[in-house]
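Engineer: this one's sequence-less:
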């Protein structure tokens, strides 16, 4: 009879009967009773009253009975911690049992009993099991360390289990190695800064040796661990790739994806002209293709990962287009994903095949899929210029089908084709106009209105067509209303005599009868433009539009790099970094591909140690929230003065910088039609730069603190060497490196712009996002001559601190947008806080003493500067060059004490005491500041100034 009989009893007084059976002398009866107890527990009955009786059954040689008792223990130990201690002796005994299965069972159960009282008793048995002669016991003990660390991390560290785990990486048994790696990875994930996985070439060699022999899940742990290693050079990278490549032919798809992740990461280090690089590209395609023959759910996961791989390295799958052709029985989620990848892989070589497929898909029955297929035809036209004509004729054929949703999608994509190839395919406009009445979706209506407005001079009855839309103006969506307003203004500028009434009607509908602020604002701008300067209006509204780019839905490069490092995990399916969906601190370390460290987050040497203090790396725009919108919609118009911020009543500030064009003043033609409130901000001449601050005068403290001739003239402010802020790869050929300096009281951003592209760059502009200290450009970015290919120029941008303020993480992070005639580019950099120390930062002696006492002691931070060989006078001189002023100096027991003050641009004072002992290269700096979060950054400035 099967075990199902244990689940069918309905007797009364069951607990009492079970108790009697558990205490029976007969072994078989005992075993039956324990099975009944486990069955009751499984269906949710409370059998915790039997705890002592079940624990008594632990003293047995029968492995099956022992497993059942341990199962019961794991379930009830948490609710009966005092009783669970009774079992400790048996655990200790079982850990020394001659049978390795029982030893392993004991150590596994110990790890699962999450009771603080018991954990300390378990340390000794666990230590023995970690050094057990049997590998099965060792591999079980390795996992137990991770579980114990989760319960009591301090205990595990004190007992030295982490070191034992690290030793297990060198174990002779591959399964022990795999479990040790899994345990260390788990612990390292919950403590990102612990540097547990100290990977070096020797360790990597041991892991690669174990890789060939352990189970599939062990291989995944090892591969994921390898992916966190950064090779020293391309030779080591190639060697690791060669040893990982055989995993690509594994039957388990998780192993394959983990291997792909390692290879994708290490390929970054290989030179592209290397023969092995080409071989590796060829080897990566077949395993990815094989994943697509699995069941639909696995296919979907594989396709989401392939989507990332194709964006990073399209050459891997460029010859495998056919595998992404949709099958009739694919679920819709697989179909849509395949379609996306087909477009990414479309090229001149395979476009004929792709178009034939897409035309076929457009006649399917699934509406969502058909819409996406029609869009895909348009994307192909934009991506592969040679195919544009065929795409347009295919779209016209689809419009002739008169299927409503097909027609609407076709019109939306034809609008984009007109934007990409102006004056080429406008002959189809007549066909589009025939379908005007069937359009009911906002996007399609807006696209059609744009076409009519843009090509009004070619459409005889353009005014009638637009007037027909105007009849239900208030019922239209905002998108359609905005498009209709612009289209009618375009029509008026092209045919002024015939459409005057129409334009007045739409302007009045948009401004007086509408409660939508976007529509109203645009209406007023057009109204003022047309009434004050029609020539300017024509230049603005009928300006030549930039061509649209081919790939509009690519993942932002820094995010793509992070997602490539997470191939085979949920992040690669969601296409979001783990920090976006993992709660708490676990699993949110930001990963980057090797070779890309000089990207937007590169640090200047004096902020390099910042990373050690703050574990959050500077965010790269736009990674969190919609910072793009944030940057472009901010009042990012820095005032033209560099003096103190203007009084609040000075009217609205509109100024020199607008990334989207030449500033609102040029848009409005300089004449604002008598609106003084707005006009007040324009045309004000820039204020003169402040004169250099005179050197601070000594405060006369010699009498009290013996400040005898120690502090001489300052040596000049320290500025860090330039580092690459924006690499050319991420900015279509524009490379920006830079640093910050403070000269004559003005903060300057000193940049080197290099054009590594083939085309000339012009129209440079710059904006900052809100930041901790309100840094903003004090004027436009002065690039006076076009930047030719391979040309490098030095640019200095004066900054002020009257911009909008928002606390950043880290505090000195600055997010920047730079625009030129090609695009807008984003990067972030860190400025040394010493740039913000002002020239009048020398405090009076009495004020210093009073302030030092006034700031509570818990706001005091103490740091040490090592390897510094300057005398106290030399240090004082050096610091004064960076506006860190010595108020007084005294000598106590052969130790010089320097009392110093500095003031930040936002009025925060920082007071320090620096101890310097002759012959001792370690200085001690004690800082007091009311804003305690500033302290660590001030200390870093100290370190940077004194050591450079």
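Structural biologist: Structure received. All of these numbers come straight from a predicted model, not from anything done at the bench.
Engineer: use CA for all of it now, contacts and neighbours both
Structural biologist: Will do.
Engineer: could you find the closest non-adjacent residue to residue 46?
Structural biologist: residue 40 (7.6 Å; Cα to Cα, 6 or more residues apart in numbering).
Engineer: is that neighbour in a helix, a strand, or coil?
Structural biologist: Using DSSP: H, G, I helix; E, B strand; the rest coil, the structure places residue 40 in helix.
Engineer: that one touches residue 34, doesn't it?
Structural biologist: No: using Cα atoms under 8 Å as the test, residue 40 is too far from residue 34 to be in contact (9.8 Å).
Engineer: neighbour-wise, which of these two wins?
Structural biologist: More crowded of residue 40 and residue 34, by other Cα atoms under 10 Å: residue 34, with 24 against 18.
Engineer: contacting residues around residue 174?
Structural biologist: Residues near residue 174 by Cα atoms under 8 Å, 6 or more residues apart in numbering: 210-211, 213-214.
Engineer: again, only using 6 Å
Structural biologist: When the contact criterion is Cα atoms under 6 Å, 6 or more residues apart in numbering, the partners of residue 174 are 210, 214.
Engineer: show me which residues of the helix or strand hosting residue 491 are buried.
Structural biologist: For residue 491, the host element (DSSP states H and E) is helix 478-494. Within helix 478-494, the residues scored as buried using 16 or more other Cα atoms under 10 Å are 478, 480-494.
Engineer: again, but for stretch 898-906
Structural biologist: 898-905.
Engineer: now those as TSV including pLDDT and distance to residue 468?
Structural biologist: Below are the buried residues of stretch 898-906 laid out as TSV (pLDDT from 0 to 100; distance: Cα to Cα, whole Å):
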residue	pLDDT	distance to residue 468
898	90	81
899	92	79
900	92	75
901	93	72
902	92	69
903	91	66
904	91	62
905	88	59
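Engineer: which of these sit farthest apart?
Structural biologist: Spatial extent of the buried residues of stretch 898-906 (Cα to Cα) is set by the pair 898 and 905 at 23.1 Å.
Engineer: give me the pLDDT for the residue nearest to residue 46.
Structural biologist: Here the pLDDT value assigned to residue 40 is 84.
Engineer: roughly how far does it sit from residue 73?
Structural biologist: 14 Å (Cα to Cα, to the nearest Å).
Engineer: any idea what sits nearest residue 777, other than its immediate chain neighbours?
Structural biologist: residue 799 (4.5 Å).
Engineer: now residue 170. Nearest residue, chain neighbours left out?
Structural biologist: residue 206 (6.4 Å).
Engineer: contacts for the helix or strand harbouring that neighbour, please.
Structural biologist: Following DSSP H and E, the helix or strand that holds residue 206 is helix 201-211. Helix 201-211 has contacts (Cα under 6 Å, 6+ apart) with 174, 219.
Engineer: which is the next helix or strand following that helix?
Structural biologist: Taking DSSP H and E, what comes next after helix 201-211 is helix 216-226.
Engineer: where does pLDDT dip in the stretch 501-650 of the chain?
Structural biologist: 550-553, 584-590, 595-650 (pLDDT under 70).
Engineer: returning to what we had before: secondary structure element for the residue nearest to residue 777?
Structural biologist: Here residue 799 is assigned to strand 792-800, by DSSP H and E.
Engineer: good, wrapping up.
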